[in-house]
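A.B. asks: Here is my input; please provide its structure:
(chains A, B, C and D)
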Amino acid sequence: MKQENKKEHKFGMVIDLDKCTGCGSCMVSCMAENNVPFKEDESNKKDSITWMRVYKLTNGKDFPETEVVYMPRPCQHCSGKGGHGHSPCVSVCPATATDYGKDTGIVSQIYTRCFGCRYCMGACPYHARYFNWWDPKWPEGMENYLSPNVSPRMRGVVEKCSFCYHRYQLAREKAYLEEREEIEEMEYQTACTTACPAGAIVFGDLNNPEHEVTKIVKPDDHPDPRNPDVVGKSRNPKVFRLLERLGTNTKVYYLSEREWVRKAGDNYTEGEWETIKNHHGKTQISHG
Amino acid sequence: MSAIENKSENRSTENAGEGVSEDTRDDKGLGLGVIFFLVAFVVCFLSGTFLFPKLLYSKKEQPFNFDHALHTSEAGDCEACHYYREDGTYSGNPKLASCLDCHSEEPLGETEDEAIFVEEYVVKGKEIPWLVYSRQPDCVFFSHAAHTIKAKMDCVECHGHIGESTVSRPYEENRLTGYSRDIWGKNIFGIKKNSWDRMKMDDCAECHKERTGHQGYCFQCHK
Amino acid sequence: MFPFCFEWAWDMAHAIFFGGLWYAVGILGAGMTYVVIKSAYDTMNDSGDSHHH
Amino acid sequence: MDSALIPEGVKRTSFPKFFLGMAVVGAVVLWGLIAVVLIWWKGLNQTNMNDYYGFALWIWADLAVIAVGGGAFFTGLLKYIFKVDELKNIINFAVIIGVICYSSALFILAIDVGQPLRSWFIFWHANVHSMLTEVAFCLSCYFAVLVIEFIPNVLENRQLNKVSFFHHLAHNMHGVMAVFAATGAFLSFFHQGSLGGVAGVMYGRPFAFREGLLIWPWTFFLFTWSAAAFGPCFTLLVTKITEAVTGKKLVSDKTVHLLAKISGWMITTYIIAKIIDTIYWATVTVPASGFTFSHFFSNNAFYGYWILFAEIVLCGVVPGLLLIYKPTRENSNLRLLAIILGVIGVCLNRWVMVLQVMAVPVMSFDTWALYIPSWQEVATTILPVAYGIMFIALAYRYLPVFPQEKELNYPAQPVVEGE
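C.D. replies: Residues are numbered from 1 along each chain as shown, chains lettered A, B, ... in the order given. Take a look at the predicted model:
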């Protein structure tokens, strides 16, 4: 009976920023999939809800050197310092309305438990957590199109991306019926992954070497020698994480050929980037 | 507390008036206070035990009576009507179409309920608005497959002996939450004797802890 | 908050946090109970002039 | 009209005048209550908070009133545990200010949460690892302590004290007050600290994050220390204001000088620790996360180095030095300047640790976020001030708050000492 929790997964994604066109399909599919409410007037982005948000970054250079990159940002599902599950938001929630699922690596959010103190929002540097400032108001008839697999939220609670956890629940349910132990890689994919027309998002189990995401990211289980709080750093020199140096240990990785994009993923003091950027290339060689 | 206050108020007025105190008077005040306290306690206790649950829950009747015992003897076990779909999800209460596998516009029995069923629902082609005793809140994900197939649990463990019932008891709805009373349980103190007496998160966790060694992460049962 | 709450665990963190908390609450409760009972006792044993000291 | 309720041997303004004053302040309270009803009815969309500003004006107000309310626990600690007997002349008032501050804090928290009816989850489903849980528990328990400390003073009201039981209760409560004060000091230490911890543990926010001792970031200790240091400043400031309004001397210079001196040394030691913390943070913690110190104080319309200077030097070092140097401490104008600066200083610190934390961009492509509170937020923040004024006015009028009042204002009459 204990088999249920025997195998630990670590679901994560890698987003190829060079493929992303900024079309916004991921945002739209996410909102539709997860019953995300919207406002009549969406012009103020600071109080509207977009679990998956696409940021626009530029290299700050004048024409003709101007380059633009679009960066989709779901909840980063941080595993926290040292990867022990104390993500910035989970450890601060006073009412245990969010936890770190050690069996999946997914950071949950339970709307009926949350009482809206918003401490988690303050603690999250990615702005991945959103508050329901209003009760959701659906246009006439749209309620019938809400997904029954995702519970709707009420005003006054925090919500965020769940890596479409309900899809995992449903995939597992099917596996149970067919008396299988495990689900296939393609049985559990997030809405944004499946919606991306460019195929920029790859989702899977970072603990499973067969999964595409693991093949791209090649996560290093050893702590970063420069910062013991950081684990799961990618051994692919083209892959980086957002604000990796803070030790949040996100499970959303980004991939880009362009150096300025990789640099934009974190903060570096003057001259630091030059010493850090090739770090992984070096360790890879020394590891053989 | 009230006894003491009664007494001291009593005393102070006397003192203001006469400047002397009499112990007998004091005792009387104390005695009244104790009686008041006891009466208040009994009133609160009784109303809390008997009146409060009546106020908290509204009783609703099912559209018509459903005889589980009769159906299981005719149609087979639970899964004959409450089956799994191909994608692993659980069908829950059968739709009218399933009923029509056996029933038709010709009543199968002579009961009044059969007559209501045929006239109101079969003839009109309307789904039966059953009130589901075990309906969990929106935020709950429950996989029947995980429990009955993977963990090989029996329906009775959570649902009790509903399959042997001949009458549909009234559905009790919590006026505040809108949830079925079967979630909290019949016992107002939340005490349970059988595994099916309650369907709270605590009950899920208790069983999970016992059988899997962990009460589960939030998303195991929430959506 | 209580051992029968869902989140309760018999671990060090809970022992320290709630140990300290219930200890403080216990002192406050016991102190107030003592004071109220003693005052009730004093009131009953009052001689006519004692409360004007 | 209400002369039977007024403490014996002291003079109070006429009832109509008192009533008029209360009505004016009451109007402000009413304005605040309208905003409260709006917020509870329509939700937090009535504020100008947003997803960048989950914590805003209210949390600042919360932290600030608790910091300045720290005078109650620290004065109680000195009076009952360290037996600084001179402070008996101001302890009642310190406790009253504490009760006002803490009830306001709890009230602000009740309007600040998105689902007020679920507030009990913080207790029932407590996550012991969250600093906010510690805040909630210790705050409510400490508020209970303050109420317990305030009860005897209420029972000493001329009419209430005639009730034999109340008379005994007040007397007996004084008898065991040291136990309550010790428990209060314990609770206070933790909740003042955990309020500091709220910011300090946010390791996703480099502006707030601090290393520390075991599970407690340095801000934990700095907050406790600063509340103990600046709390008495606020007690003295409110005493000064009350004296100015009533036109009476209520606390003797000796007591004031003593408390000012203690506050001065506490401020000075605190500010040294704060400077060390800031330097360590700026030179070690901040660069380790890839930031430069200047990042936090530039490229925006409001937060510049001025706020750091104002908090640490102008409203920290200056009042500290003014209060430890005897001639300036005993000069009433300079002392007043020092305590005003001190109160501003601690409020600024709390502001920085809440609002600036939210304003600073962390992701390299993010931008500074500034916000202006809505009138509903302002009204609900002013509400506790008005409520405090009413509370103090009522307490001063009907309760024997200042044991020295008679002796300082009516020397001709024979002095009858109370408990």
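
A.B. asks: what's near enough to touch residue A:32?
C.D. replies: Contact analysis of residue A:32 by CB atoms under 8 Å, 6 or more residues apart in numbering or on different chains lists A:147, A:191. C-beta: built from backbone N, CA, C; applies to glycine.

A.B. asks: Doesn't it lie inside a helix?
C.D. replies: Yes. The assignment for residue A:32 by DSSP: H, G, I helix; E, B strand; the rest coil puts it in a helix.

A.B. asks: ok, so what distance separates it from chain D?
C.D. replies: The gap separating residue A:32 from chain D is 21 Å, by CB to the nearest CB, to the nearest Å.

A.B. asks: Just the pLDDT at that residue, thanks.
C.D. replies: pLDDT recorded at residue A:32 is 95.

A.B. asks: quick one: contacts for the closest residue to residue A:119 other than its chain neighbours?
C.D. replies: Spatial nearest neighbour of residue A:119, chain neighbours left out: residue A:92 (4.8 Å); criterion: CB to CB, 6 or more residues apart in numbering or on different chains. Residue A:92 is in contact with A:119-120, A:122-123, D:130-132, D:198, D:201-202, counting by CB under 8 Å, 6+ apart.

A.B. asks: Stretch D:93-101: how far from the chain's middle?
C.D. replies: A distance of 9 Å separates the centroid of the chain from that of stretch D:93-101, by CA atoms, centre = their mean, to the nearest Å.

A.B. asks: List phi and psi for residue A:80.
C.D. replies: The phi/psi pair for residue A:80 (degrees, to the nearest 10) reads phi 80, psi 170.

A.B. asks: Any idea what it is bridged to?
C.D. replies: Per DSSP bridges, the residues bridged to residue A:80 are residue A:86.

A.B. asks: quick one: contacts for it?
C.D. replies: The contact partners of residue A:80, taken as CB under 8 Å, 6+ apart, are A:86-88, A:90-91, A:100, A:247-249.

A.B. asks: I'd like to know how far residue D:191 sits from chain C.
C.D. replies: Between residue D:191 and chain C the computed distance is 11 Å (CB to the nearest CB).

A.B. asks: Tell me if the helix or strand hosting that residue is near chain A.
C.D. replies: Per DSSP states H and E: residue D:191 is located in helix D:177-200. Yes. Using CB under 8 Å from any CB of the partner chain, helix D:177-200 reaches chain A at residue D:198.

A.B. asks: Now do the nearest residue to residue D:85 once chain neighbours are set aside against residue D:87, distance only.
C.D. replies: Once flanking residues are discounted, residue D:85 sits nearest to residue D:79: 7.4 Å by CB to CB, 6+ apart. Going from residue D:79 to residue D:87 by CB to CB, to the nearest Å gives 4 Å.

A.B. asks: picking that back up, for the contacts of residue A:80, which single residue is the most surrounded?
C.D. replies: Comparing the contacts of residue A:80 by number of neighbours (other CB atoms under 10 Å in any protein chain shown), residue A:87 comes first, having 30 neighbours.

A.B. asks: contacting residues for that one?
C.D. replies: For residue A:87, the contacting residues are A:77-80, A:100, A:107, A:248-249, by CB under 8 Å, 6+ apart.

A.B. asks: all helices for chain C, in order.
C.D. replies: C:12-44 (DSSP state H).

A.B. asks: how deep is the closest residue to chain B within it tucked in, by neighbour count?
C.D. replies: Proximity of chain C to chain B (CB to the nearest CB) peaks at residue C:40, 4.6 Å away. By other CB under 10 Å, 21 other residues sit near residue C:40.

A.B. asks: my read: it touches residue D:165, true?
C.D. replies: Yes. Residue C:40 lies in contact with residue D:165 (CB atoms under 8 Å); the separation is 6.7 Å.

A.B. asks: ok, the residue nearest to residue B:192 when sequence neighbours are not counted - contacts?
C.D. replies: Using CB to CB, 6+ apart and skipping residues adjacent in sequence, the residue nearest residue B:192 is residue B:198, 5.0 Å away. Taking CB under 8 Å, 6+ apart, we find residue B:198 in contact with B:182-185, B:190, B:192.

A.B. asks: right, is stretch C:4-22 up against chain D?
C.D. replies: Yes. Judged by CB under 8 Å from any CB, stretch C:4-22 comes into contact with chain D at C:5-7, C:13-14, C:17-18, C:20-21.

A.B. asks: Restrict those residues to the buried ones and give me that as a ChimeraX selection.
C.D. replies: The ChimeraX selection below is limited to those of those classed as buried (16 or more other CB atoms under 10 Å in any protein chain shown):
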select /C:7,14,17,18,20,21
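
A.B. asks: Give me the nearest residue to the residue most central in space within chain B, chain neighbours excluded.
C.D. replies: In chain B, the C-alpha nearest the mean C-alpha coordinate belongs to residue B:181, at 2.0 Å (CA atoms, centre = their mean). Computed as CB to CB, 6+ apart, the closest residue to residue B:181 that is not its neighbour in sequence is residue B:172, at 3.7 Å.

A.B. asks: repeat for residue D:378
C.D. replies: In space, not counting the residues next to it along the chain, residue D:378 is nearest to residue D:57; the distance is 7.5 Å by CB to CB, 6+ apart.
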